[in-house]
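K.L.:
compute the structure for the input listed below.
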Amino acid sequence: MELPVINMELAERIQQVEIDYLTSRIRSIGERLGNPEGVEIHRFGKTTAFYIRTMPWGLFNSVKGLSDDDADLLDDIILYYQTRNRAFQFDVDPIHCSPKLFKRLAERGFYQNGFHSVLYGLPADKTPIHPSYIHIIEVKNESEFDHYAEIHCLGSGMSLADKHHFVNNNKGILNREGWKIFLAYLDGTPAGVAVMHISGNIASCTLAATHPNYRNRGLQTALLQHRMHEAHKADCTLVAAQASFGSTSQNNMERAGMQLAWTRSIWVK
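P.N.:
Predicted coordinates for the structure are as follows:
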């Protein structure tokens, strides 16, 4: 099977599966008793706005799916975040966008301050062969999830004192429909994690982290190959992912057979 070329229909599908997995993930945080993190997800036409009161980072306060269709709703979106006193970002994909939209963003004081790569590839039908010192399992229970939370925490540059945040805000995807969490062992030691979400027939590689002590040992390449094979086993027709432009993650994805779909622009106030 050959990788299909990007056209507008395929681009819309890839864009939507990212919105699907982020919606599912953020919704799972909001489903905690009493919604202690203050999660909100709001639709403006075809555009989705995410907000988490206790998490000021761009990922959790972003606007996705914006196009010319919703250009007239820009002021409503901006007001939504202003009333919550929150800085946010527009993640603008080159899908049904024109200079009209960019001009309106600029007129409202927004500017492009970054790029982000969106990639896609085919599921891998052959079982990957990893180095003998790497073993990968799917996380199914609380003890395995505890390893996941610790590695996610340390791999994100946080102190273990913050581990409880990663437990509380990620436990909602454990055994949740559409989600798979993987844990990689290096010589028997939990060392790397990766997550996959399936929406329709596209698998999204949504998160990956490695314990700082075990980087540059091939863990993320192995976890990526593992997820691409899991996508095949789930009868997916495509695998999608995102990465910082030109990063090691993007390099790993391209080496695994994925290619650039487009480069997203990030707009902020």
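K.L.:
tell me where the stretch 151-269 of the chain has strands.
P.N.:
For the stretch 151-269 of the chain, the strands defined by DSSP state E, counting those that start in this stretch occupy 179-186, 189-199, 202-210, 238-244, 259-268.
K.L.:
quick one: closest of those strands to residue 40.
P.N.:
The closest approach between residue 40 and any of those, judged by CB to CB, belongs to strand 259-268 at 19.5 Å. To be clear about C-beta, it is placed using only N, CA and C from the backbone, and glycine gets the same treatment.
K.L.:
tell me the strands beside the closest one, with direction?
P.N.:
strand 89-92 (antiparallel), strand 111-121 (antiparallel) (DSSP bridges).
K.L.:
for stretch 58-77, buried residues please.
P.N.:
Buried residues in stretch 58-77, defined by neighbour count with 16 or more other CB atoms under 10 Å: 60-67, 70-71, 73-74, 77.
K.L.:
which of these sit farthest apart?
P.N.:
That would be 60 and 71, which, of the buried residues of stretch 58-77, are the farthest apart (CB to CB) at 24.3 Å.
K.L.:
burial check on residue 19, number of neighbours?
P.N.:
17 (other CB atoms under 10 Å).
K.L.:
which element is it on?
P.N.:
Assigned by DSSP states H and E, residue 19 belongs to helix 8-30.
K.L.:
between helix 8-30 and the very next helix or strand once past that helix, find me the angle.
P.N.:
Once helix 8-30 ends, the next helix or strand along the chain (criterion: DSSP H and E) is strand 39-44. In terms of direction (axes from the mean of the first three to the mean of the last three CA atoms, to 10 degrees), strand 39-44 departs from helix 8-30 by 150 degrees.
K.L.:
and strand 39-44, average pLDDT?
P.N.:
For strand 39-44, mean pLDDT rounds to 98.
K.L.:
that strand pairs with which strands, and in what direction?
P.N.:
According to DSSP bridges, strand 39-44 forms sheet pairs with strand 47-52 (antiparallel).
K.L.:
noted, bye for now.
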